[in-house]
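Chemist: Here is my input; please provide its structure:
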Amino acid sequence: MLTDRKIVVVTRKTRLQELKEKYCTLGQAKFYLEHLGESFSDYEEESTLYSNSVAQSISLLKTVGRVQQLERSVLSTYLFSPDDLVVVIGQDGLVANTLKYLNGQPVIAVNPIPTLYDGQLLPFVEVELGEVILQVLNQSINSKVIAMAEVNTNIGQRLLAVNDLFIGPKTHTSARYMMSVDNHQEEQSSSGVIISTGLGSTGWFRSIITGASGIMDKPIGHHLQNGFSWDSKFLYYSVREPFPSVNTKCSKVFGKITNHSKLSMSSKMAENGVIFSDGIEQDCLEFNAGTVANISISSRVGNLITPH
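Modeler: The predicted structure is shown next:
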């Protein structure tokens with residue numbers, strides 16, 4: 001072995017594996033898909049390609065050091081060591097989900113199926129892993145700092161986000177809350193609030209800007225239409241579908257959060273209020289009456305290895 005540092009390989013279940021769990025057998029899963037006119041072979045091919053990539057990556061990494069494989073579902077309960085090397089075998093969402101459970105450990109992101117996955121956050125393929133690991137150990141490779149958002153509640157809960165935070169209703173109903181931006185405060189009703197980081201600014205956040213442009217029937221000319229830098233020390237919030245009424249206002253629906261500004265939200269919902277990050281609804285916090293959420297830039301950052 002070339003290093004005593006542990007190499008943690010983060011993987012996910014394929015769509016085929018998830019279907020098998022749902023329907024108990026591959027035969028039942030195949031029947032369900034083909035009954036709906038879906039091609040079962042597409043699911044089989046993707047699962048085979050992904051599994052092969054994982055197996056090849058782990059085999060290569062075992063020549064370098066100790067390897068531990070983690071499935072996505074256990075990330076929130078796993079304790080990473082400060083000197084762990086982390087290899088994530090795509091897609092982009094898995095990379096983002098992994099980063100928020102780390103604190104500066106280097107992340108090498110692998111695209112297991114380049115013909116299927118675009119992989120904005122997946123700069124490497126498995127055959128490059130040996131060389132990349134050595135460069136990381138020798139500190140002779142580039143990396144990007146990934147800024148994160150953070151929410152802390154008045155009842156001691158905390159949640160990090162690599163892409164974005166959502167604060168609002170669990171279902172397709174209206175959220176009621178008191179919005180406080182610096183010294184301005186107003187009660188609002190909306191379908192929720194999105195808080196975006198630089199990494200998330202080309203995802204959900206960009207969709208909001210695009211949608212607003214379409215409603216106005218004007219070409220996109222917003223200065224944030226192409227997002228902002230991944231290491232930006234600021235966030236942007238956007239209120240989705242704000243509703244003006246006798247009791248609710250809409251004067252603060254879009255803005256910037258810096259280290260010198262404050263954004264907080266106080267829930268006025270009896271039930272079904274949630275806070276989740278990076279699209280992972282299962283890891284949500286409750287946001288019901290009496291809960292106050294304070295949103296800020298996190299002191300924790302991600303460390304994504306990039307090619308020269």
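
Chemist: which residues of the stretch 101-250 of the chain fall in strands?
Modeler: 106-110, 142-153, 158-161, 164-169, 175-181, 184-190, 193-196, 235-239 (DSSP state E, counting those that start in this stretch).

Chemist: Next, format these as CSV and append mean neighbour count, distance to Gly214 and mean pLDDT.
Modeler: (Each C-beta comes from the backbone N, C-alpha and C, glycine too.) Formatted as CSV, the strands of the stretch 101-250 of the chain follow (neighbours: other C-beta atoms under 10 Å; distance: least, C-beta to C-beta, whole Å; pLDDT from 0 to 100):
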stretch, mean neighbour count, distance to Gly214, mean pLDDT
strand 106-110, 25, 32, 97
strand 142-153, 20, 26, 96
strand 158-161, 20, 26, 94
strand 164-169, 24, 20, 95
strand 175-181, 21, 23, 95
strand 184-190, 17, 19, 95
strand 193-196, 24, 17, 95
strand 235-239, 24, 15, 94
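
Chemist: need those in CSV with distance to Asn52, can you?
Modeler: Below are the strands of the stretch 101-250 of the chain laid out as CSV (distance: least, C-beta to C-beta, whole Å):
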stretch, distance to Asn52
strand 106-110, 12
strand 142-153, 28
strand 158-161, 32
strand 164-169, 33
strand 175-181, 44
strand 184-190, 46
strand 193-196, 35
strand 235-239, 39
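
Chemist: Of all the ones you listed, which one comes closest to Gly279?
Modeler: Nearest to Gly279 among these is strand 164-169; the distance by C-beta to C-beta comes to 8.0 Å.

Chemist: residues making contact with that closest one?
Modeler: Residues from elsewhere that reach strand 164-169, judged by C-beta atoms under 8 Å, 6 or more residues apart in numbering: 149, 151, 159, 175, 177, 190-197, 200, 203-205, 240, 265, 269, 272-278, 287, 293, 295.

Chemist: can you check stretch 18-35 too?
Modeler: 13, 16, 39-40, 43.

Chemist: Check the gap between the spatially most central residue of the chain and Asn97 for me.
Modeler: Per C-alpha atoms, centre = their mean, the C-alpha nearest to the average position across the chain is that of Asp278, at 3.2 Å. From Asp278 over to Asn97 the distance is 6 Å, taken as C-beta to C-beta, to the nearest Å.

Chemist: what is in contact with these two at once?
Modeler: Here Asp278 and Asn97 have Val162 as joint contacts, going by C-beta under 8 Å, 6+ apart.

Chemist: Quick check, pLDDT for the residue nearest to the centre of the chain.
Modeler: On the pLDDT scale, Asp278 is placed at 89.

Chemist: Confirm for me that Phe234 is in contact with Gly255.
Modeler: No: using C-beta atoms under 8 Å, Phe234 is not in contact with Gly255, being 10.3 Å away.

Chemist: Quick one: residues contacting the closest residue to Glu71 other than its chain neighbours.
Modeler: Once flanking residues are discounted, Glu71 sits nearest to Thr11: 6.0 Å by C-beta to C-beta, 6 or more residues apart in numbering. Thr11 makes contacts with 54, 69-72, 89, 94, as judged by C-beta under 8 Å, 6+ apart.

Chemist: ok, so of the contacts of stretch 18-35, who is nearest Leu122?
Modeler: Distances from Leu122 to those, taken by C-beta to C-beta, are shortest for Lys13, at 17.7 Å.

Chemist: and the closest one, which of the three is it?
Modeler: Following DSSP: H, G, I helix; E, B strand; the rest coil, we place Lys13 in the coil state.

Chemist: Roughly how far does it sit from Thr98?
Modeler: In this view, Lys13 and Thr98 are 15 Å apart by C-beta to C-beta.

Chemist: what sits up against stretch 61-80?
Modeler: 1-13, 54, 58, 85-87, 94, 97-98, 101-103, 105, 129-130, 133-134, 283.

Chemist: List the buried residues for it?
Modeler: The neighbour-count check on stretch 61-80 (16 or more other C-beta atoms under 10 Å) flags 61, 64-65, 67, 70, 72, 75, 80 as buried.
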